[in-house]
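Peer 1: pasting the sequence and the predicted coordinates here, then a few questions.
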Amino acid sequence: MPNWLYLTGSLSQLSAVWEHYGVTVQNLPAGAMSAHNDVAVVIDPSGVIREELGDDPGPGTSSTESSFSVLLSQYARQALGRS
């Protein structure tokens, strides 16, 4: 996915980051994948957390997806000093 950034590293490195941002991770059976809580964090250019959008924005309807993306983009613009 060209516009997504993924966090990679060793399990101990990832665990430290997950703990810092309050992400809970659970490995699903047979090692198929890991499940985690839904959280979006807006971090400004100096590395300061400006907003945290909490768990699950709701069902994936066009309305909720649009609302969540608008809210996230507003917070990101504020963190970057762009109105």
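Peer 2: Thanks, I have it.
Peer 1: all helices for the protein, in order.
Peer 2: In the chain, the helices defined using DSSP state H lie at 11-21, 62-79.
Peer 1: could you dump the ones you listed into TSV and include mean neighbour count and distance to A30?
Peer 2: No exception for glycine: its C-beta is placed from N, CA and C like everyone else's. Shown next, in TSV, are the helices of the chain (neighbours: other Cβ atoms under 10 Å; distance: least, Cβ to Cβ, whole Å):
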stretch	mean neighbour count	distance to A30
helix 11-21	12	18
helix 62-79	13	30
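Peer 1: pick out the shakiest of these, pLDDT-wise.
Peer 2: Least confidently modelled of the helices of the chain is helix 62-79, at a mean of 74 by mean pLDDT.
Peer 1: for I49, which of the helices of the chain is the nearest?
Peer 2: helix 11-21 (8.1 Å; Cβ to Cβ).
Peer 1: who touches the closest one?
Peer 2: Under the contact criterion Cβ atoms under 8 Å, 6 or more residues apart in numbering, helix 11-21 has outside partners 7-9, 23-25, 36, 39, 41.
Peer 1: pLDDT for these - can I get that in JSON lines?
Peer 2: Compiled in JSON lines, those are given as follows (pLDDT from 0 to 100):
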{"residue": "L7", "pLDDT": "76"}
{"residue": "T8", "pLDDT": "83"}
{"residue": "G9", "pLDDT": "86"}
{"residue": "V23", "pLDDT": "81"}
{"residue": "T24", "pLDDT": "82"}
{"residue": "V25", "pLDDT": "82"}
{"residue": "H36", "pLDDT": "71"}
{"residue": "V39", "pLDDT": "75"}
{"residue": "V41", "pLDDT": "80"}
